Every structure is written in C-alpha cells, then in structure tokens.
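Asker: Any chance you can model this:
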Amino acid sequence: MNEATVPSSVPTLNGAATDADRKAICESLGLGWLEDPPASDPAATAVLDSEVAVRLRAVPFRIDDGRLQVAMADPSDVIAADEVGAIAGYAVDRYGIPDGPFAELLRAAYGTTAARMAESLGGQAERRSDVDHNLDAIEADDITRMAEQPTLINLVNLLLLEAIQSRTSDVHIEPFESELRVKYRVDGELITQTPPPKHLQPALIGRIKIMSGMNIAERYVPQDGHITLRFEGRKVDIRVSTIPTLYGESVVMRILDKSALPLDLVSLGMSEPMRAKIDRLIAKPHGMVLVTGPTGSGKTTTLYAALSKLYDPRKKIITIEDPVEYELAGINQIPVNPKRGLSFATGLRSILRQDPDIIFVGEVRDSETAEIAIRSALTGHLIFSTLHTNDAISSVGRLIDMGVEPYLVASVLEGVLAQRLGRRICAECREQRPMPADADHRLTAEELTRFDGRLWRGRGCKACNSTGFRGRIGYFELITITPGLRRAISENGGITELRAALGSNYRTMRDDGIDKAIDGLTTIEEVLRATQDTEDMAA
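Answerer: Here you go, the predicted model:
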C-alpha cells in the first residue's frame with residue numbers, strides 16, 4: 001500500500017464544524033465574511049499554486065492597494081495565512097467563507113488545472129513519429145524515469161484531486177489508437193474529461209502503477225493495486241485495476257471515500273416501513289439475511305449500514321470481504337487473499353473458531369462457501385451476505401443450484417433484500433412539469449393515475465453541475481420468510497410457487513421506485529431503466 005502525495009487540508013477553526021461557528025469566529029477576530037463565492041481576479045489566483053491552495057484551503061481572489069485578499073476555509077489559521085503571504089509576496093487580508101461557496105470558488109479558480117496541465121505538457125512536446133508511439137518499444141526504466149518527473153506527478157495528483165472534489169466514484173483511463181480518454185463516473189454516469197496527450201500514456205499509467213504498488217515492467221497481464229491518500233484531512237482509499245488492451249493498458253481507479261458513504265438506511269433512500277422490517281431482521285439472534293443485485297448496485301453499502309446499526313461492544317462482529325472497501329470502527333474485517341490461500345470458505349471456517357456473534361461474508365460465490373455459511377447460521381450465528389441475482393426470490397434457487405438442500409435453505413433464511421441504484425433529483429432545482437405524451441406508454445393505468453399528469457425533473461443548477469441530478473438513491477424489494485414461503489422453499493417449489501407464497505403485501509423494486517418518483521426523489525425514467533430486468537423476470 002503506497003501513500004500518495006495529494007495534499008491534505010489543515011484543521012478548520014480548531015474543531016468548529018458549522019458555517020455559523022466560522023462566521024462567529026470571524027466576527028470576533030475582526031475578519032471579513034463572504035456569504036457567496038466572490039468574483040476572482042486571475043492575477044490574484046495566479047500568485048498561488050493550485051496544490052498549495054488546496055493544502056492550505058486558501059484561495060486568493062483580489063489584489064487591492066498592495067494587499068492580497070484571500071478566502072479561507074479556516075481564516076483563524078494564521079500559519080496558513082503567513083505561508084500564503086510569504087509565497088505570494090503580499091500582505092494578506094483573511095476572509096471566512098462557508099464550505100459550499102469555498103468549494104465552488106476553489107473549482108472556479110483551479111478546477112480545470114489537470115486539463116490545463118495536460119494541455120501544457122502536450123504543447124511542450126514535439127510531434128512524435130509512429131515509431132515513437134509504439135508503446136511496446138518503451139523500456140520499463142524509461143517509463144519509470146518519465147513517471148517520476150515532477151510535472152507528471154502533479155498531473156496525476158490533480159487528476160485524482162478533481163475526481164474526489166466532483167464526487168467521482170470511478171476514474172477510467174482508456175487507451176485508443178490515436179488518443180487517451182479519461183472519464184469520471186459521477187452518480188453512475190460516465191462523463192468524458194479533457195484528454196491528456198497520447199504521448200503521455202506510458203508515463204501517466206506508469207505513475208499510477210508506481211503509486212499503487214504494481215509491477216511497472218509488466219504490461220501484458222491484469223494487475224490490481226491500492227492507493228491511500230489524504231484529502232482535506234480525511235483518508236481516501238483508491239482501488240486500482242489494469243488490463244492489457246490493443247493499444248496499451250486500460251486503468252480503472254475506484255475511489256472509496258468513507259466521508260461520502262451514507263452509512264444509514266435513511267440516506268440510502270429506504271422507506272420507513274421497510275426500515276422497520278430490516279430492523280426486525282437484523283435483530284434476530286441467528287439465521288441468514290441476504291442482499292442481492294448486480295455489481296455496483298450498492299449491496300455492500302447497505303450491509304455496512306446494517307452492521308453500523310448493529311454495532312455493540314458486547315457483540316463480536318467479523319467480516320470477510322474481497323476486498324475490504326471501507327474500514328468500520330469496532331468491527332473485525334478480514335480481506336480475502338487467494339494468493340496466500342485465504343478464500344471465503346477457508347476464512348469462514350477460521351472465523352467460526354473466533355466465537356463471533358455476527359458474520360458478514362462479502363459474497364456467496366460457490367457451493368463450499370454456501371454450505372459453510374448455511375451451517376454457521378444453523379449453529380447460532382447471524383450471517384449477512386450478498387448474492388448476484390436479479391431479484392429477491394431468485395436467491396432461493398441460486399442457493400439450491402449451489403448444492404444446498406432446500407430444507408436447509410428454508411431452515412436458516414430469514415430475509416432477502418434486492419436493490420438497484422438510480423440517480424437522485426437535485427433538491428436545489430427540482431420542479432414539477434406536465435407529463436409528456438411519450439412518457440406514459442410503459443406505465444400502467446393505476447400508476448398514471450398516481451402521477452396525476454405531472455412528473456418531477458431537475459432544472460439544472462450549480463449544485464448539480466447543470467445535470468438535474470445529485471447523488472443516488474436505492475430502489476428496494478424485501479422478502480421476509482413467512483411460514484408459507486418457508487414451506488414452499490423446503491418442498492423445492494419452482495419460481496411460480498414461491499412468488500405465489502409471497503402474499504399480497506409484497507412490493508417490487510419497481511413499486512418502490514415509482515413511490516420515490518411520485519415523491520420527487522427520482523425520475524420515472526431512472527426507475528424504469530434500473531428495474532427493467534426485474535420486470536422481465538416477473539413476467
């Protein structure tokens with residue numbers, strides 16, 4: 001694990017957390033206060049390097065009568081102000097500013113730094129021949145030398161910095177014949193960024209591999225790595241994956257920012273009645289609770305929220321995950337390590353010798369893991385795990401297909417939650433509009449009646465970067481195992497029999513999503529896109 005050099009911030013106002021606290025301290029110190037981001041003078045902004053500005057949480061915005069006016073997230077930080085003055089060569093006037101406007105000012109002043117730096121590096125290089133673009137001809141030592149150039153290091157650091165600031169979940173670097181594409185995934189959608197020059201590809205990817213502890217000389221097999229960095233005083237983990245493609249290595253960096261992780265079921269978008277059912281499930285002394293859905297549907301986040309709610313110093317909670325995505329305070333977490341012989345099955349066997357009360361198995365992938373997990377639940381443990389199935393009821397058949405006897409599944413299974421993710425309408429600019437004529441063909445007559453001819457939309461504003469969406473929300477369906485359903489499972493009933501045993505109170509992900517679209521939390525298009533495959537399964 002390597003520690004990257006993206007700068008971190010100083011503490012703000014000696015622990016004062018709110019904008020009101022900041023304003024009060026500014027008033028007591030006789031400092032200025034800015035409610036909104038001021039118009040910045042490029043001449044003032046230019047006196048401070050972007051990395052220094054981020055590290056000190058200070059943005060110069062005006063030069064007035066030989067004094068530099070600086071907006072600071074922590075205007076009481078005299079040391080930071082002195083450093084700004086020493087670097088810039090001006091006396092400094094400090095101004096306080098709320099978090100939101102400060103982030104907006106920082107982006108306006110330095111937000112496109114990575115793109116500008118890439119363009120600058122491209123402009124400095126002479127036109128390359130086809131031979132120079134033959135990446136196979138570049139030696140590992142040459143790549144290492146290029147990757148250690150200060151400007152290249154700064155470019156990669158700023159690329160990561162901008163990604164974290166823009167709430168990016170994954171950074172994609174894709175090599176093609178004549179260009180190198182960079183994309184950020186924000187709220188589940190890929191957004192193409194200004195691409196760096198193609199000739200920077202070996203050095204750029206080499207730098208990322210050095211930071212993540214990969215073998216820089218190996219370019220023809222997939223590799224996985226890990227970067228830990230500090231950003232604004234908090235730790236951010238980045239999982240890095242490379243695969244060889246026709247025109248070089250494709251890189252994906254998944255940003256795991258715990259501060260942006262909603263570890264409560266309300267923030268995930270779960271309704272109050274469903275939360276009450278989940279609370280009853282996770283309070284059981286033993287049994288198995290599953291969360292299902294495709295990759296990237298938020299299963300692990302939901303289970304983390306449940307584990308956080310369950311945490312009690314009097315209980316022993318152990319997880320085994322591949323990999324450990326976020327560190328949970330007070331919970332023992334084990335990363336799977338196949339190279340050293342630590343699989344889900346072998347790890348689960350060892351966990352049982354640790355006298356746990358609650359066990360979280362990252363994923364039930366094979367028959368051996370499924371059998372051990374089932375028998376653990378039978379012997380007095382509460383087991384949480386995930387499965388890759390399209391809807392909740394299909395998880396029963398999946399376990400049986402793995403070789404678990406139906407009567408064992410019926411004995412231990414207590415509940416199954418299936419979920420998908422959709423984009424959340426920006427709360428700052430949402431509005432109701434008349435339903436367009438072409439929007440109702442996939443809705444039933446009852447659903448159309450509930451919408452009453454109007455749909456919620458995001459108009460687009462600064463808060464959501466003019467997209468109309470900000471954040472994501474879950475669409476859920478929950479099955480609790482009733483005596484009738486338990487009997488149908490033990491008799492190895494087919495999917496039709498199992499669905500018939502669900503009862504009239506069962507609500508699908510589509511139903512849950514439509515409720516949220518009616519309430520203005522998401523759009524009907526997002527619901528239909530996310531739940532299309534579950535509709536097909538039900539049909």
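Asker: For stretch 415-429, list the C-alpha coordinates in CSV.
Answerer: Coordinates of each C-alpha in stretch 415-429 appear next as CSV, following Å, rounded to 0.1, in the frame of the first residue of the first chain:
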residue,chain,number,x,y,z
GLY,A,415,-35.0,-12.4,4.7
VAL,A,416,-33.7,-11.3,1.3
LEU,A,417,-33.3,-7.7,0.1
ALA,A,418,-32.9,-6.9,-3.6
GLN,A,419,-31.9,-3.5,-4.8
ARG,A,420,-30.8,-1.2,-7.7
LEU,A,421,-29.5,2.3,-7.8
GLY,A,422,-30.8,5.3,-9.7
ARG,A,423,-29.9,9.0,-9.8
ARG,A,424,-31.5,11.3,-7.3
ILE,A,425,-33.1,14.6,-8.5
CYS,A,426,-31.2,17.6,-7.3
ALA,A,427,-33.0,19.1,-4.3
GLU,A,428,-31.9,22.6,-5.2
CYS,A,429,-33.5,22.8,-8.6
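Asker: So what's the gap between that stretch and the chain middle?
Answerer: Relative to its chain's centre, stretch 415-429 lies at 14 Å (Cα atoms, centre = their mean, to the nearest Å).
Asker: do stretch 460-478 as well
Answerer: For stretch 460-478, the distance to the chain centre is 13 Å (Cα atoms, centre = their mean).
Asker: Pull the contacting residues for the residue positioned nearest the centre of the chain.
Answerer: Among the residues of the chain, the one closest to the centroid is residue 169, at 4.2 Å (Cα atoms, centre = their mean). By Cβ atoms under 8 Å, 6 or more residues apart in numbering, residue 169 lies in contact with 185, 186, 188, 254, 255. The C-beta positions use only the backbone N, C-alpha and C, and glycine is treated the same way.
Asker: In three-state terms, how would it be classified?
Answerer: strand (DSSP: H, G, I helix; E, B strand; the rest coil).
Asker: still on that earlier bit, helices - which of the contacts of residue 169 land there?
Answerer: Among the contacts of residue 169, DSSP state H puts none in helices.
Asker: shouldn't residue 209 be in contact with residue 216?
Answerer: Yes: using Cβ atoms under 8 Å, residue 209 makes contact with residue 216 at a distance of 5.0 Å.
Asker: Which one's more surrounded, the two?
Answerer: Using other Cβ atoms under 10 Å as the criterion, residue 209 and residue 216 rank with residue 209 on top: 24 against 18.
Asker: In what element of secondary structure is the more buried one found?
Answerer: Using DSSP states H and E, residue 209 sits within helix 201-211.
Asker: helices and strands around that helix, which ones?
Answerer: Secondary-structure packing of helix 201-211 (3 or more Cβ pairs under 8 Å, 6 or more residues apart in numbering; DSSP states H and E): helix 140-147, helix 150-165, strand 168-175, strand 223-231, strand 234-245, strand 248-257.
Asker: Against which helices or strands is the strand or helix carrying residue 54 packed?
Answerer: Element membership for residue 54, per DSSP H and E: helix 50-56. If you count contacts as 3+ Cβ pairs under 8 Å, 6+ apart, helix 50-56 packs onto helix 78-88, helix 99-110, helix 150-165.
Asker: do you know how far the most far-flung residue of the chain relative to its centre is from residue 95?
Answerer: In the chain, the greatest distance from the average C-alpha position (Cα atoms, centre = their mean) is reached by residue 65, at 45.4 Å. Distance of residue 65 to residue 95, computed by Cβ to Cβ, to the nearest Å: 15 Å.
Asker: With residue 344 instead?
Answerer: Taking Cβ to Cβ, one finds residue 344 at 54 Å from residue 95.
Asker: the more surrounded of these two?
Answerer: Higher neighbour count among residue 344 and residue 95: residue 344, with 25 against 20, using other Cβ under 10 Å.
Asker: hang on, that one packs against residue 360?
Answerer: No: counting by Cβ under 8 Å, residue 344 sits too far from residue 360 to count as a contact (11.1 Å).
Asker: Touching both of those two, which residues are there?
Answerer: Common neighbours of residue 344 and residue 360 (Cβ under 8 Å, 6+ apart) are residue 320.
Asker: any idea how far residue 292 is from residue 413?
Answerer: 12 Å.
Asker: Give the closest residue to residue 426 in space, chain neighbours not counted.
Answerer: For residue 426, ignoring the flanking residues on the chain, the nearest one in space by Cβ to Cβ, 6 or more residues apart in numbering is residue 464 at 3.7 Å.
Asker: element containing the residue nearest to residue 82 when sequence neighbours are not counted?
Answerer: Closest residue to residue 82 apart from its sequence neighbours, by Cβ to Cβ, 6+ apart: residue 92 at 7.8 Å. Residue 92 is part of strand 91-96, with elements assigned from DSSP H and E.
Asker: Tell me if I'm right that residue 231 and residue 164 touch.
Answerer: Yes: with contact defined as Cβ under 8 Å, residue 231 reaches residue 164; the gap is 5.4 Å.
Asker: Common neighbours of these two, please.
Answerer: In contact with both residue 231 and residue 164: residue 257, using Cβ under 8 Å, 6+ apart.
Asker: contacting residues for residue 325?
Answerer: Contacts of residue 325 by Cβ under 8 Å, 6+ apart are 237, 239, 256, 300, 304.
Asker: Can you convert those into a markdown table and add a column each for neighbour count and pLDDT?
Answerer: Below are the contacts of residue 325 laid out as a markdown table (neighbours: other Cβ atoms under 10 Å; pLDDT from 0 to 100):
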| residue | neighbour count | pLDDT |
| --- | --- | --- |
| 237 | 19 | 88 |
| 239 | 17 | 92 |
| 256 | 19 | 86 |
| 300 | 19 | 90 |
| 304 | 23 | 92 |
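Asker: Need those in TSV (columns: distance to residue 274).
Answerer: Shown next, in TSV, are the contacts of residue 325 (distance: Cβ to Cβ, whole Å):
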residue	distance to residue 274
237	30
239	30
256	26
300	18
304	17
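Asker: Was I right to think residue 402 contacts residue 372?
Answerer: No: with contact defined as Cβ under 8 Å, residue 402 does not count as touching residue 372 (11.5 Å).
Asker: neighbour count winner among these two?
Answerer: Neighbour count, other Cβ under 10 Å: between residue 402 and residue 372, residue 372 has more, with 21 against 18.
Asker: List the buried residues in stretch 23-36.
Answerer: 23, 25, 26, 31, 33, 34 (16 or more other Cβ atoms under 10 Å).
Asker: which residue packs closest to the third one, ignoring adjacent ones?
Answerer: With sequence-adjacent residues excluded and distances taken as Cβ to Cβ, 6+ apart, residue 26 is closest to residue 96, at 3.9 Å.
Asker: so how far is residue 31 from the one you found?
Answerer: 6 Å.
Asker: can you check residue 377 too?
Answerer: Applying Cβ to Cβ to residue 377 and residue 31 gives a distance of 60 Å.
Asker: likewise residue 168?
Answerer: 33 Å.
Asker: same question, residue 67
Answerer: From residue 67 to residue 31 the distance is 13 Å (Cβ to Cβ).
Asker: From the chain's centroid, how far away is the helix holding residue 54?
Answerer: 24 Å.
Asker: With just CA atoms, put whichever helix or strand comes after that helix into PDB.
Answerer: Per DSSP H and E, the first helix or strand lying C-terminal to helix 50-56 is strand 58-64. Provided in PDB are the C-alpha atoms of strand 58-64 (Å, rounded to 0.1, in the frame of the first residue of the first chain):
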ATOM      1  CA  ALA A  58      -7.000  29.300   0.800                       C
ATOM      2  CA  VAL A  59      -7.900  31.000  -2.500                       C
ATOM      3  CA  PRO A  60      -6.600  34.500  -3.400                       C
ATOM      4  CA  PHE A  61      -9.400  36.400  -5.100                       C
ATOM      5  CA  ARG A  62      -8.300  40.000  -5.300                       C
ATOM      6  CA  ILE A  63      -5.300  42.400  -5.000                       C
ATOM      7  CA  ASP A  64      -6.300  45.700  -3.500                       C
END
